[in-house]
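Trainee: next come a sequence and a model predicted from it.
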Amino acid sequence: LGVPYQHTRLNNVTHLEIKEWKWGRFVYSMTPKGEEQWHPDVCLNIKGVLRATGNFFNLDRVAVIHTKCFHRGDSVCEFVVNYAAKKFWRRRILKILSVLGIAGAGYATTQFLPLHFSLSQRLSQILFFCTYFTGMGALYLGLRHFRLLRHIGQYNDQNRQRSSELYENYKKLERKYSESRVLEELSRRLNQATDPHELLELCLNELHNRFGYARSFVMLLSPDKSRLYTSAIRGFSEGKEKLFQLTLKYPSHKGHPEFFANILDTGQPSLLTDMEGFKKSLRQENQKLVDFMGVQSLIVAPISDNTEKYGLLVLGAIEKDRVLTEEDLQMAIHIGQLVTLSFQAATNFEREKSLRTLFQKYVPAVVLEGIQSLQGGQVAPRTCQISSLFVDLRNFTPRAEKFAPERTIEMLNHYTAFVTEKIAAHGGIIDKLAGDGVNAFFPESNSANYKDDALLTAIDILAHLPDLEGDFFLRGFGPCDLGIGLNSGTAT
C-alpha cells in the first residue's frame, strides 16, 4: 500500500493516482484524460467509496477532504484522506497471535502425545487440527465476504437514495421552470388581452395540457353579486351543460357557511386531499358540485383582491397517485392573481372609457388628450389668441319662475345639448355653463382659422334654431330665442 501507483483508466476519461502517502494520511487524485469531462457526481461517488473503504477495514476514523475539483476550475480533482488505524492493527495482531497460539498448542499436543499412540491416531489428530484451521479460515473469509456485501449494499442504497433525491429536485426545478414560463406567457397575454375571459380560457388550457390537471373550471360572481356561476371548463368530457347550469349562493350565510362562497369571502385558498371526509361537512348544494367533479384531491383559489371579488379557480385530480400538493396550490394562487389583474385592467378600461365619453361631451378630444399627458397634474399658464362665443336663452328667467324645477332642468338640458353639439362640431371648447348662458372659446393653438370656426359655429346655431324651437313648442316650453355674442383677442 505504501508504493505510489497509477491506475489505468476510469470510463476512458480519467487517470486515478495516489500522489502522496504518509502514515495516517494519503492523497488521492483524478486527472482528466484529454478534453473530455466527467459528471460532478463522480467526485461525490469517489468520496463515498473512500469513506466506505475506511468503514470496511474498521478504521478508527476516516475524514475525506475534497481540496481541489476539476469542476471548480482546477486541473485535477484531489482528495486528502486522514485516518487512524490503531484498533485495526490491534485486532489484526490479536488474531495473528490467537492463530499462532492455537497452532502452537496443536503442535505441542501432537509432539507430546504418548508414544504408545499408534501412527493412525497421530495422523487423525493432525488431520483434525488441519480441518479445524481450514474451517476457521473459511469461516473468517465468509464473514469478511458477507461484511463486504453488506457495505456494498449500504453504499448502493445511499446512491439510490441520493439519485432519487436528485431526480426529485430535478422534477421540482423543471416544474418551477415550466411555471415561470407559463406565468411569463400569461403576463404577456395579459398586456395584450382586452377581455379577461380570453385570459381565463388560456389559463385553463395551460393548466389542463401542460400541468395535467384532470379537472379545472372557473366560477365568476354574478353582476348582482348574489350567485357564483360557471364561466369556463376543462377536462369534463360529459355533463358540461349540467356544470354550466350549476350555480352557488353568495355571500356565505353566517351559521351555515358555504365552502366555495366562504373562500371568496375570506380570500384564503384551500387544498383538500380527504374528499370523503370533506364532503360530509358540506351543504347539499356544494356536495352536488364536488360529487359531479369526481376528484381525489381539490384546490380552490380566489380570484379577488382587497377591494373587489371576481370569482374562484377550481382544480382537481382524479387519479389516486396524483395527489395535489402545496406546489399545486401556489401555482393556482399565481394564476388567480394574474386573472385578478386582468379583471382589474378590464374594469379600469371600462371606467376610463366611460369618463372619456362623458368628458368628450364638453371637451374636445385634443384637449382631453392634452389633459391626460400632463406631467405632475399641473397646467403651465400661457398666452394665446382666441375667439369667444357667448350664447344666451332670452326670457329664461320669467319662464323658469313659472315652471316647476324639473321642467326647468328638462328645458335647459335640451337647450345646452343643442348648443354644445354645434360648438364641439367646429372644435370649440366649453368654458362654462351658467344657467342658460353658454361660454365657449376657440384657441389659435387648435386651428389657424379659429375666428372662422367661431363664426361658423354661430351661423350653424342660427341655421338649426328652428329645429330647437319646434322641439320647445312640442314640449310646451314656448318660443326659443337666442342671443349670440362673438369676440376675438388675447387671453391667458
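Mentor: Perfect, I can see it now.
Trainee: ok, then the element right after the one helix or strand in the chain whose mean pLDDT sits lowest?
Mentor: Across the helices and strands of the chain, mean pLDDT, DSSP states H and E gives its lowest value to helix 365-372, namely a mean of 64. Moving toward the C-terminus from helix 365-372, the next helix or strand (DSSP states H and E) is strand 384-393.
Trainee: any idea which helix or strand comes after that following strand?
Mentor: From strand 384-393, the next helix or strand downstream (DSSP H and E) is helix 396-402.
Trainee: show me the helices in the chain, by range?
Mentor: With DSSP state H as the criterion, the chain has helices at 40-56, 86-111, 119-192, 196-209, 240-245, 259-266, 275-279, 284-293, 326-360, 365-372, 396-402, 405-425, 450-463, 465-475.
Trainee: give me the phi and psi angles of residue 69.
Mentor: phi -140, psi 130 (degrees, to the nearest 10).
Trainee: contact partners for it?
Mentor: Contact analysis of residue 69 by CB atoms under 8 Å, 6 or more residues apart in numbering lists 43, 77. For glycine as for every other residue, the C-beta is placed from the backbone atoms N, C-alpha and C.
Trainee: pLDDT wise, what is it at?
Mentor: Here, the pLDDT recorded for residue 69 equals 82.
Trainee: what about it, distance to residue 270?
Mentor: 47 Å (CB to CB, to the nearest Å).
Trainee: for residue 425, same thing?
Mentor: 58 Å.
Trainee: neighbour-wise, which of those two wins?
Mentor: Higher neighbour count among residue 425 and residue 270: residue 270, with 17 against 12, using other CB atoms under 10 Å.
Trainee: partners of the more buried one in the sheet?
Mentor: residue 300 (DSSP bridges).
Trainee: these two touch, right, it and residue 262?
Mentor: No: Residue 270 is beyond contact range of residue 262, at 9.1 Å (criterion: CB atoms under 8 Å).
Trainee: okay, and the common contacts of these two?
Mentor: Contacts common to residue 270 and residue 262, judged by CB under 8 Å, 6+ apart, are absent.
Trainee: where does the prediction get shaky in the stretch 101-250 of the chain?
Mentor: Confidence mapping of the stretch 101-250 of the chain against pLDDT under 70 gives the ranges 102-103, 105-123, 125-126, 190-194, 239.
Trainee: just the stretch 251-400 of the chain next, same as before
Mentor: Within the stretch 251-400 of the chain, the stretches with pLDDT under 70 are 252-257, 285, 321, 360-380.
Trainee: residue contacts, the closest residue to residue 329 other than its chain neighbours?
Mentor: The shortest distance from residue 329 to any non-neighbouring residue, by CB to CB, 6 or more residues apart in numbering, is to residue 271 (4.7 Å). When contacts are counted by CB under 8 Å, 6+ apart, residue 271 is found next to 297-299, 324-326, 328-329.
Trainee: ranking those residues by neighbours, who comes first?
Mentor: residue 299 (25 neighbours).
Trainee: that one touches residue 314, doesn't it?
Mentor: Yes: here residue 299 reaches residue 314: they are 7.2 Å apart, a contact under CB under 8 Å.
Trainee: which residue, other than its chain neighbours, is closest to residue 455?
Mentor: In space, residue 455 is closest to residue 486, 6.6 Å off (CB to CB, 6+ apart).
Trainee: next, count neighbours for that neighbour.
Mentor: 14.
Trainee: and the one 3 residues further on, by the same measure?
Mentor: As a burial measure, the neighbour count of residue 489 was computed by other CB under 10 Å and equals 8.
Trainee: what bridges to it?
Mentor: Assessed by DSSP bridges, residue 489 has beta-bridge partners residue 386.
Trainee: how near is it to residue 385?
Mentor: From residue 489 to residue 385 the distance is 7 Å (CB to CB).
Trainee: what does residue 134 give?
Mentor: 126 Å.
Trainee: between these two, which is the more surrounded one?
Mentor: Higher neighbour count among residue 134 and residue 385: residue 385, with 14 against 10, using other CB under 10 Å.
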